[in-house]
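Engineer: Quick check, what structure comes out for this input:
(2 chains)
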Amino acid sequence: LAKTTQPISMDSYEGQEVNITCSHNNIATNDYITWYQQFPSQGPRFIIQGYKTKVTNEVASLFIPADRKSSTLSLPRVSLSDTAVYYCLVGEIYNQGGKLIFGQGTELSVKP
Amino acid sequence: DTGVSQDPRHKITKRGQNVTFRCDPISEHNRLYWYRQTLGQGPEFLTYFQNEAQLEKSRLLSDRFSAERPKGSFSTLEIQRTEQGDSAMYLCASSLVLSGYTFGSGTRLTVV
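Structural biologist: The predicted structure follows:
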């Protein structure tokens, strides 16, 4: 399973766009990129998954360059409630292989 | 169905005691996973079941840990002879083979 590297922490202010970049240099051809969000005292929650180019849903956008060695999670106009830890994972689509491998994640702090 | 349920939410136990946690997955999900998470770290995989079969166990799952999923429905995770290093959040998740994970809110174990 490919290892991921992402910033340990980021700060932002309400209303700003936040971009969190994840490096995954050893991503395999069949791997998808998935982001999870975790609030304190809760389990992680799926945000978005993609393979290449751009994916957008009601929560976030995911940008994946052609070489797929990195990806960027974009959160538009964050609010205080977006304060959480964000994890980038790579693996088979819907994690058919079973387990998820989490890194340390990026702790996002949104300030008023 | 209200999602993945874990019981209890919090457990304080004395070192050397046995503890058991329960996880009720989303009813139609055939896969069930256990993870452990310590402060400041991402969740670490422990084990997973497909239906009632335990398909993979992490090396983290020492012989003091045992997990079961009788009848392929709920699951229990038992820790025997607890140690202070077992203090962590224990997370359960469920999925279908071709779908994303849904995590529960976890059981926070404190060993004193």
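Engineer: so where's the chain shaky on pLDDT?
Structural biologist: Going with chain A. Within chain A, the segments meeting pLDDT under 70 span A:1-2, A:94-97.
Engineer: please go with chain B instead
Structural biologist: Looking at chain B by pLDDT under 70, you get B:1, B:98.
Engineer: what does stretch A:47-56 contact?
Structural biologist: A:32-37, A:57, A:59-64, A:66, A:68, A:71, A:73, A:86, A:93-94, B:100 (Cβ atoms under 8 Å, 6 or more residues apart in numbering or on different chains). To be clear about C-beta, it is placed using only N, CA and C from the backbone, and glycine gets the same treatment.
Engineer: Are any of those residues buried, and if so which?
Structural biologist: A:32-37, A:60-64, A:68, A:71, A:73, A:86, A:94, B:100 (16 or more other Cβ atoms under 10 Å in any protein chain shown).
Engineer: Give me the subset of the residues you listed lying in strands.
Structural biologist: Using DSSP state E, the subset of the buried ones among the contacts of stretch A:47-56 located in strands is A:32-37, A:61-64, A:71, A:73, A:86.
Engineer: Pull the most distant pair out of those residues.
Structural biologist: Farthest apart among those by Cβ to Cβ are A:Gln37 and A:Ile64. That separation is 18.3 Å.
Engineer: Could you tell me which residues of chain A lie near chain B?
Structural biologist: Where proximity means Cβ under 8 Å from any Cβ of the partner chain, the interface of chain A facing chain B comprises A:34, A:41-46, A:49, A:85, A:87, A:93-96, A:98-105.
Engineer: cutoff 7 Å now
Structural biologist: Chain A comes close to chain B at residues A:41-46, A:87, A:94-96, A:98-100, A:102-105, as judged by Cβ under 7 Å from any Cβ of the partner chain.
Engineer: distance of B:Tyr33 from B:Gln84?
Structural biologist: 25 Å (Cβ to Cβ, to the nearest Å).
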